[in-house]
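Student: Sequence first, predicted coordinates after that:
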Amino acid sequence: MSEVSDEAPYLDYAVRWRAGETLPGRHDSRNAGAGGHFRAFRPFWQLPDARQIDVRRSMIDPFGEVMVRQTENRSGISIVVAADLSRSMRAAPGGANWRGVTFLAQAACRSAHRAADAFGFVGFDAAPRAEFSLPPTRNRGVSGAFLARLRGLQPDGRSGEGIAALAPLLPLRRSLVVLVSDFLMPPGLVERALAGRARHDVAPVVLHEARETTLPRAGLMRLRDAETGRTRLLLMRPSVVRRWQDARRARRDMLDALFLRHCRPAFHAEGFLDIARLGEHLLMG
């Protein structure tokens, strides 16, 4: 089986919630245990574990209770990359957006292995793509083989509407879900998708084409629909250029406001996906 390439960078990430997994890891846990961080003192009758009796605390207890130390384990979590597989993701020059997705998936997988977390992937276009989805796993061979197959994919979906129907493919336990797309879809669709994923910690990554961030010049311009591939000529008068710029700013502001209502702030990748900067963003929570 394939392994994840050692050339892939690590993607730093952190969560601010307590994990519910029973398998050990590096994250704060809701589960009490014998070898973790101190949580509180409890009377022996509430937590009958003689190994954790604290003699000093028992001697000064005003009620004469035998007191024990309650500690918490460190647990693993699942990190899931949920990625748009529609045609617009390979419309950028050189397929930059799609290469960013596959690079992100490799980095997240490699980091999950290092942290003893589980890595999963969920693909969608007009509908969820179960054949390009991987349930969270700690098996390096399984995830490596999946990523090798993903790198050979040429996204060709006609839309990203499947974003609103991903729930059955996501883990039951709360997970960190990195949702990556160009989000060239109706805002109501994105809002429905985020509202249906309330139990998860969603981190949106918005991919912008380099051409999208370049201000258009007045004159004739050939435009191509990223989903259908159809082209048409447009006369870019100064007033049209201003509307183009205003619409782009308004779309970005709308997405930022939408994400802030439902999940983490968005990370915007302008032209290419910088894994180190994304990691800094995810560490901030």
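Tutor: Looks like it came in fine.
Student: Can you name the residues bridging to the nearest residue to residue 101 once chain neighbours are set aside?
Tutor: Residue nearest to residue 101 in three dimensions, not counting chain neighbours: residue 83, with 4.9 Å by CB to CB, 6 or more residues apart in numbering. C-beta: built from backbone N, CA, C; applies to glycine. Under DSSP bridges, the beta-bridge partners of residue 83 are residue 123, residue 180.
Student: Packing partners of the longest helix along the chain?
Tutor: The longest helix of the chain (DSSP state H) is helix 238-262. On a contact count with 3 or more CB pairs under 8 Å, 6 or more residues apart in numbering; DSSP states H and E, helix 238-262 meets helix 187-195, strand 201-208.
Student: Adding distance to residue 146, mean pLDDT and mean neighbour count, write these out as a markdown table.
Tutor: A markdown table is the format used below for those (distance: least, CB to CB, whole Å; pLDDT from 0 to 100; neighbours: other CB atoms under 10 Å):
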| stretch | distance to residue 146 | mean pLDDT | mean neighbour count |
| --- | --- | --- | --- |
| helix 187-195 | 23 | 89 | 16 |
| strand 201-208 | 20 | 94 | 22 |
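Student: which one of these lies closest to residue 8?
Tutor: Nearest to residue 8 among those is strand 201-208; the distance by CB to CB comes to 16.4 Å.
Student: these two touch, right, the residue nearest to residue 101 and residue 123?
Tutor: Yes - Residue 83 lies in contact with residue 123 (CB atoms under 8 Å); the separation is 5.6 Å.
Student: higher neighbour count, these two?
Tutor: A side-by-side neighbour count of residue 83 and residue 123, using other CB atoms under 10 Å, places residue 83 first with 30 against 25.
Student: quick one: that one from residue 17, how far?
Tutor: 23 Å (CB to CB, to the nearest Å).
Student: Any chance of a markdown table for the helices and strands packed on helix 238-262, columns distance to residue 151?
Tutor: Shown next, in a markdown table, are the helices and strands packed on helix 238-262 (distance: least, CB to CB, whole Å):
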| stretch | distance to residue 151 |
| --- | --- |
| helix 187-195 | 26 |
| strand 201-208 | 17 |
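Student: List the residues that contact the residue nearest the centre of the chain.
Tutor: Centroid-nearest residue in the chain, with CA atoms, centre = their mean: residue 178, separated by 0.9 Å. For residue 178, the contacting residues are 79, 80, 81, 82, 104, 108, 203, 205, 282, by CB atoms under 8 Å, 6 or more residues apart in numbering.
Student: Surely it is in a strand?
Tutor: Yes - secondary structure of residue 178 (DSSP: H, G, I helix; E, B strand; the rest coil): part of a strand.
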